[in-house]
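Visitor: next one to model:
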Amino acid sequence: MSHKLQGLYAITDEVLTPDTTVITQVQTALEAGADIVQYRNKSAEDSRIETICRQLQNLCSAHNALFIIDDRPLLAQKIDADGLHIGKNDVSLIEARKIFTQGLIGVSCYGSIRKAKEAQEEGASYVAFGSFFPSPTKPKSGVISMSILQKAKESLSIPVCAIGGINRNNIHEIASHKPDMISVVNDIFKGDIKRNITRLKQGMNL
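Guide: Numbers count the residues shown, from 1 in each chain. You can find the predicted model right below:
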């Protein structure tokens, strides 16, 4: 499954993709060529979104895409999700693996190669770096240099994901540093999803 850790990585958002419409929005994104989908909802109880996550997992499977849940190891385990993603304020990788025993686990490393190496040693499936541009989704996240992608590719053996403020106007800059995956939130789900993805993939030369 790790061979699928490449391409355009769409991340949902409570405002842009509310639970009432997220299924149809993700379906459109998958049909347009999204390779990986992460469901991110920081506020709802697991029980309230379990059905949605099961539907999203089924949709992704039908499109040969990966489905990742943000920061919910118990739910990821319960529905047998493809993967789980964790950040610095979430459960640790070692704890997450005790709960979510089989699937992929991605770890946010922000601007730290040291943290990425630790995550790799602890069994992470991939690591994510960012933000590379000011991010409308996370305005407080610091902006880091794109050179970290080169360093990461040289010093790590697991796939590398770039995230943060990436849109159709700057994705070619990120793509030139050859990360395995490029994550986008706003510039996929704001407006015409199909057209957005087509433009992003053009920028990635995919």
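Visitor: wait, Ser141 touches Gly164, no?
Guide: Yes - assessed by C-beta atoms under 8 Å, Ser141 is found in contact with Gly164 at 6.1 Å. C-betas here are computed from N, CA, C, even on glycine.
Visitor: so His85 is in which element?
Guide: Element membership for His85 (DSSP states H and E) is strand 83-86.
Visitor: so after that strand, what's the next helix or strand?
Guide: For strand 83-86, the following helix or strand on the C-terminal side (DSSP H and E) is helix 93-99.
Visitor: mind checking the end-to-end distance for stretch 141-155?
Guide: Using C-alpha to C-alpha, to the nearest Å, the end-to-end distance of stretch 141-155 comes to 24 Å.
Visitor: how about the contacts made by Asn41?
Guide: Thr12, Glu14, Asp19, Ile49, Asp70 (C-beta atoms under 8 Å, 6 or more residues apart in numbering).
Visitor: looking at the protein, which strand is longest?
Guide: strand 104-110 (DSSP state E).
Visitor: and the next helix or strand after that one, how far out from the chain's middle?
Guide: Using DSSP H and E, the helix or strand that follows strand 104-110 in sequence is helix 113-121. Put simply, helix 113-121 sits 18 Å off its chain's centre (C-alpha atoms, centre = their mean, to the nearest Å).
Visitor: check which residues of helix 113-121 are buried.
Guide: Within helix 113-121, the residues that count as buried by 16 or more other C-beta atoms under 10 Å are Ile113, Lys115, Ala116, Lys117, Ala119, Gln120.
Visitor: right, and the first one touches Ile148 too?
Guide: Yes - under the criterion of C-beta under 8 Å, Ile113 lies in contact with Ile148, with a separation of 6.8 Å.
Visitor: list the contacts of the closest residue to His85 other than its chain neighbours.
Guide: Of all residues not flanking His85 in the chain, Gly106 sits nearest, at 4.4 Å (C-beta to C-beta, 6 or more residues apart in numbering). Contacts here follow C-beta under 8 Å, 6+ apart; on that basis Gly106 touches Ile68, Gly83, Leu84, His85, Ile86, Ala124, Ser125, Tyr126, Val127, Ala128, Cys161.
Visitor: for Gly106, give the beta-bridge partners.
Guide: In this structure, Gly106 bridges to His85, Tyr126 when assessed by DSSP bridges.
Visitor: low-confidence ranges, this structure, go.
Guide: For the chain, the stretches with pLDDT under 70 are 1-2, 206.
Visitor: the longest helix in it is where?
Guide: In the chain, with assignment by DSSP state H, the single longest helix is helix 46-62.
Visitor: give me the contacts around that one.
Guide: By C-beta under 8 Å, 6+ apart, helix 46-62 touches 19, 22-23, 26-27, 30, 37, 39, 41, 66-67, 69, 72, 74-75, 78-82.
Visitor: then stretch 82-95?
Guide: Contacting residues not belonging to stretch 82-95 are listed as 1, 38, 57, 60, 66-73, 76, 96, 99-100, 103-108, 110, 119, 122-125, 128 [C-beta under 8 Å, 6+ apart].
Visitor: Leu8 contacts Val184, correct?
Guide: Yes - contact status for Leu8 versus Val184: in contact at 6.9 Å, counting by C-beta under 8 Å.
Visitor: joint contacts of these two?
Guide: With C-beta under 8 Å, 6+ apart, Leu8 and Val184 have common neighbours Leu200.
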